[in-house]
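Student: Dropping a prediction and its sequence here:
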Amino acid sequence: MNIEHEFELHLPFWPHLTADQRALLVSGTSRRSFRAGENVHGRTGDCTGILLVLSDKEIVDRWVELGVRCTLSVMVADGYAAVGNSAYMTMPFLGSGIEAAMKAGNMLAKAVLDAGDAKGVLKAKDLWPYQVAYYKELGNIYYAIDLAKRWVLTQTPETVNYLLGCGAVTNEDMKLLSTDSSGESQNYKITPADIVRRIKLITAVDGLIPGLFGAVGTAGHGLLIALRMPKKYNARKVRRWQKKYDGML
């Protein structure tokens, strides 16, 4: 849903607002869904604000496969390097992996060229800079997000639909999970007031807060493990790190 487009269609005063006024209105807007017969306004005395009805059709749950594959902990060996789907380089939530695979291919090519004349088969130590480069740009954060996603998969479809529909998780949040290099995600900002608003929305579901904080803690711990990957190849150190990495999955 493009909120600004909806405002432009339904609010006659929208063209007369300043950029700051528009941003304020957009930041205080969220998409909600209600079941047939459900009380929209409530009786709390609070002002609900303007309601724009986007559709009166029932939204039917759609089941899709959400893979739990995570990028390989070790993507190189003597004479071999895994890239793209063979290394499970898909974005944990969005599913696409084309851009990540193309970036990884460029990193691998650089590692091969930097190795120079290998005099035969390239060794794991020659290809290790490729893995280091990939994890630095994408792999570390993908690993952390994947760990958080595994908590999401334990929730009911109703809970996931609520989080995505009530505004606790926004389109802007999801953009951060992409590999887009346009710089648009760098403008992402979240205010203390927005944090409070989201917490209130999340607390509406019993028992969700402890699980959510647990998932964030697990993701943070996983990120620290990923960041400790050996920068120079040493088979013993790599195996030790790999055991910790795989142990979180």
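Tutor: Perfect, I can see it now. Numbers count the residues shown, from 1 in each chain.
Student: ok, longest helix in the protein?
Tutor: Counting residues, the longest helix found in the chain (DSSP state H) is helix 208-227.
Student: What's the mean pLDDT across that helix?
Tutor: For helix 208-227, mean pLDDT is 90.
Student: Equivalent analysis for stretch 140-147, please.
Tutor: Mean predicted lDDT for stretch 140-147 stands at 89.
Student: CA-only coordinates of that stretch, as PDB, when you get a sec.
Tutor: This file holds the C-alpha atoms of stretch 140-147, laid out as PDB (Å, rounded to 0.1, in the frame of the first residue of the first chain):
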ATOM      1  CA  ASN A 140      26.600 -11.500   8.700                       C
ATOM      2  CA  ILE A 141      23.300  -9.600   8.700                       C
ATOM      3  CA  TYR A 142      21.600 -12.400   6.700                       C
ATOM      4  CA  TYR A 143      22.600 -14.800   9.400                       C
ATOM      5  CA  ALA A 144      21.200 -12.700  12.200                       C
ATOM      6  CA  ILE A 145      17.900 -12.100  10.300                       C
ATOM      7  CA  ASP A 146      17.600 -15.800   9.600                       C
ATOM      8  CA  LEU A 147      17.900 -16.600  13.300                       C
END
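Student: ok, then the element right after the lowest-mean-pLDDT helix or strand in the chain?
Tutor: Lowest on mean pLDDT, DSSP states H and E among the helices and strands of the chain sits helix 171-175, with a mean of 69. Per DSSP states H and E, the first helix or strand lying C-terminal to helix 171-175 is helix 192-202.
Student: now that following helix, how far from the centre of its chain.
Tutor: Relative to the centre of its chain, helix 192-202 is centred 19 Å away, using C-alpha atoms, centre = their mean, to the nearest Å.
Student: Need the outlier residue of the chain, farthest from its centre.
Tutor: Distance from the C-alpha centroid of the chain peaks at residue 119, with 41.8 Å (C-alpha atoms, centre = their mean).
Student: picking that back up, so whichever helix or strand comes after the longest helix of the chain versus helix 208-227, what angle?
Tutor: Using DSSP H and E, the helix or strand that follows helix 208-227 towards the C-terminus is helix 235-247. Here helix 235-247 runs at an angle of 170 degrees relative to helix 208-227 (axes from the mean of the first three to the mean of the last three C-alpha atoms, to 10 degrees).
Student: what packs against helix 235-247?
Tutor: When contacts are defined as 3 or more C-beta pairs under 8 Å, 6 or more residues apart in numbering; DSSP states H and E, helix 235-247 packs onto helix 208-227. Glycine gets a C-beta too; all of them are placed from N, C-alpha and C.
Student: CA-only coordinates of the helix it packs on in CSV, if you can.
Tutor: The C-alpha trace of helix 208-227 is given here as CSV (Å, rounded to 0.1, in the frame of the first residue of the first chain):
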residue,chain,number,x,y,z
LEU,A,208,4.5,-11.9,22.4
ILE,A,209,6.9,-9.5,24.0
PRO,A,210,9.1,-12.1,25.8
GLY,A,211,9.4,-14.2,22.7
LEU,A,212,10.2,-11.2,20.6
PHE,A,213,12.9,-10.0,22.9
GLY,A,214,14.3,-13.5,23.0
ALA,A,215,14.4,-13.6,19.2
VAL,A,216,16.2,-10.2,19.1
GLY,A,217,18.7,-11.5,21.7
THR,A,218,19.4,-14.7,19.7
ALA,A,219,19.9,-12.7,16.5
GLY,A,220,22.3,-10.4,18.2
HIS,A,221,24.3,-13.3,19.6
GLY,A,222,24.4,-14.8,16.1
LEU,A,223,25.6,-11.6,14.6
LEU,A,224,28.5,-11.5,17.1
ILE,A,225,29.5,-15.1,16.2
ALA,A,226,29.4,-14.2,12.4
LEU,A,227,31.6,-11.2,13.0
